[in-house]
Structure formats: structure tokens, C-alpha cells
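Visitor: Model the following, please.
(one chain, ligands or ions: 1)
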Amino acid sequence: MNKRLLPGFRLGKYMINDPLVLAPMAGITDLPFRRICKRFGVGLMVTEMIASRAVDMGRERTERMAELGADEHPVSIQIAGSDPEFVTEAARWAVGHGADFVDINMGCPVKKICKQVAGSAMLRDEPLVARVLEAVVAAVEVPVTLKIRTGWDDQSKNVERIARIAEASGIQLLTVHGRTRAQMFHGHACWEDIGRAKAAVSIPVIGNGDIIDGASAREMIRISGCDGVMVGRAVQGNPWVLGEVYAAITGRPIPEKPTAAERWAVVDEHMQQLAAHHGIRTASKLARKHVLWYSKGQHGSAEFRQTFQTMTDWQQMLDVAATYFLSLDGHEQIEESQDAA
Ligand SMILES: Cc1cc2nc3c(=O)[nH]c(=O)nc-3n(C[C@H](O)[C@H](O)[C@H](O)COP(=O)(O)O)c2cc1C
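Guide: Have a look, this model is predicted:
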């Protein structure tokens, strides 16, 4: 057995023993998916980003995004915004909804968010970063955490300065996605930059960007010295990767790949939970995305995708998915390149 790589850290009243964090992903890491991910070893959960504009608060969709599961604590509600007043209001609202921590997003590269000088656009205005963070820290009792990219672009990387501003403002945990805004999702995340942030502060730093398995998690930890790891896109259709990363960072044996029956049990549960949480109409749209991800790299997935992605009847979707996933019994997972989506 390997040795445990990360000792964990304290965050407010919680000891985060297993510093494996599920990346917040809008439209993906809703309550149904978080519930599934939790059981693979996630020690710290974060919701999807919720815009802090007051107008969104109280809306049915926003309320649903902030619904937390009894079994997913400690959990953070993530908010984005640039107006200190709106962001503090949203932070209080998040705490009122049961958040153990409030996470502030200054990493989102999406144009719509950046146009409101929120998300990663904030990184260009360091005094504003300080104002927003200080205001939120003063407004809520729970620990406030921050998620950033390494800067706006290669010429203006300011990850160390932002990390110091965050610590000085009372932020208790920093997550660094090792890309600039200009990189969007291209190229490779720079794990050395995560290390620069780590060296600049004494609060725990979570490393994020391009972890795809246990080995890459270990390598990020080696390069950056980060205190925890966050996994995003690799979990799409593959929550089992979290079990692998969990094993890698805690020194446990790597779990076996899921059998066909185990895979179907997760897909089935995910679909049922989507329907219960969002209603069948929205669940059908979301399931189309998730179920196709679950089928990626599996035997006969190209044919399955063709059929499944045009379906609209919920019961039929469940039936077709069951037939497909259970038929995988005895088939080895095939390489994605042989079965390009
Ligand atoms: C579809 C999608 C939605 C995302 N939504 C959010 C979000 O709401 N809040 C946030 O901080 N980051 C968001 N991210 C960024 C991820 O949290 C993460 O930083 C990024 O994907 C890099 O990690 P990875 O290489 O493990 O995917 C999103 C990423 C994707 C692909």
C-alpha cells in the first residue's frame, strides 16, 4: 500500500480529512450528481455557481441549485458577482440555505459572466477583489473560500498577488485552476503556478486542472505541493475516477473498474434522481448529456448514442438505457479512439 499523500486540513468547524473536492460545474454538479459523487470519497463538496444578482434570489431555479443534501456536508455554495453588496447578500442567503462555507468564483471564463466584471474578469481589478472578499468575510460567520484562475492572460498572471490578497482578506481556503482566462480550457493547466500560489500563502490551497486519474493527481501534488485536489471534467460520465483519485491520495488500493451491473445501477440512480429533483422535462435534457457520457468508450456506444439522443419519452429512455448498459456485461471497455463520439 502507498502512503497517504495529503494529511487534510481544518476549515472552520470541520476537519477535511480527505481533501478530494468535486469541481463545481454549472449544469452538471447539481444535487443528483453530487449525491453520486459523494460516495466515491469526496471530502468537500461545492455547488454549481449561483449568480449573485439579487434578482436571481428566490427564483425557483436558483432555489433548486442551492438545495443541499443531508448527506453531502461539508458543502459549500458557490456564488459569483462583483458588486460587494450583491455578493454579501448572496453569501448570507447561501448560509441561510445551509452552506457550511461560501465559495466565491473568480475563475469563470464565460463571456456573459465576465461582461459583468465577475468570474475571472475580477482578476484584472485587484482592489475590487479585496473589496468583495473583505465584504463577504465580514458578512458571514462561516468560512469563505475562493476559486480563481492564474490570471487574465499570460502577460498579466497574478496568481501570487491574488492569493495574498485573498489571505489578507480573511479567505480560509483557495482553489487554483492552473489556467489563465485567455486559455479557457485549452492547453495544459500549469501546476507550477498552483505551487506559486501555495508558496505565497499559509491557508490551504486546492489544486485544479487536468486531473484525469490517480497518477495525475499524485503528480499535481508533487509539482505544486497543494493541500487538496479538485476534479472536474474527468468525472463526467465517470464518477468512479473519484474513487481512483481518493485511493491515490489516501494510499488505499485502487478500486476495480465497475462491472456492467454497477455502471447501470449508477446511471439508473442518476436518472431517477434527476427526475425527482428537476422534473421529467428538464431531467430528459440533462439525462441525454449524462447518459451519453456514461456510455463513452463502452462497447457499441456509437449506435446507442444515435438512438438515445433523439429520444424524448422518459420511460423509453430508461428502458433503452437499461437494455444497453446491462448488455455490456462481459465486454471490455474499448478505447475512445475506436469509438469516436
Ligand atoms: C461545463 C463546466 C461548467 C463549469 N462551471 C463552473 C462553475 O460553476 N464554477 C466554477 O468555479 N468553475 C466551473 N467550471 C470549471 C471547473 O470547476 C474546473 O475549474 C475546470 O473544469 C478545470 O478542472 P478539470 O480540468 O478537472 O475539468 C466549469 C467547467 C465546466 C467544464
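Visitor: ok, so what distance separates residue 287 from the ligand?
Guide: With distances taken as C-beta to the nearest ligand atom, to the nearest Å, residue 287 is found 16 Å from the ligand. C-beta: built from backbone N, CA, C; applies to glycine.
Visitor: That residue contacts residue 317, doesn't it?
Guide: Yes - taking contacts as C-beta atoms under 8 Å, residue 287 lies within contact range of residue 317: 6.3 Å.
Visitor: between the two, who's got more neighbours?
Guide: Taking other C-beta atoms under 10 Å, residue 287 and residue 317 do not tie; residue 287 has more neighbours (26 against 20).
Visitor: That one: what's it in contact with?
Guide: For residue 287, the contacting residues are 270-271, 274, 317, by C-beta atoms under 8 Å, 6 or more residues apart in numbering.
Visitor: which of those sit farthest apart?
Guide: By the measure C-beta to C-beta, 270 and 317 form the most distant pair in those, at 12.1 Å.
Visitor: Residue 144 against residue 172, yeah?
Guide: Yes - taking contacts as C-beta under 8 Å, residue 144 lies within contact range of residue 172: 6.6 Å.
Visitor: what's the overlap in contacts for those two?
Guide: residue 101.
Visitor: Which one's more surrounded, these two?
Guide: Ranked by neighbour count (other C-beta under 10 Å), residue 144 and residue 172 place residue 144 first, with 26 against 19.
Visitor: Provide a list of residues in contact with the more buried one.
Guide: 91, 101-104, 133, 136-137, 170-172.
Visitor: The spatially closest residue to residue 71 that is not a sequence neighbour: what's it in contact with?
Guide: Leaving aside its sequence neighbours, residue 71 sits nearest to residue 38 (C-beta to C-beta, 6 or more residues apart in numbering; 6.5 Å). Listed by C-beta under 8 Å, 6+ apart, the contact partners of residue 38 are 45, 69, 71-72.
Visitor: how does this protein divide into domains?
Guide: As recorded under automatic domain parsing, the domains making up the chain are 9-250, 260-339.
Visitor: My guess is residue 180 contacts residue 149. True?
Guide: Yes - at 5.8 Å, residue 180 counts as touching residue 149 under the criterion of C-beta under 8 Å.
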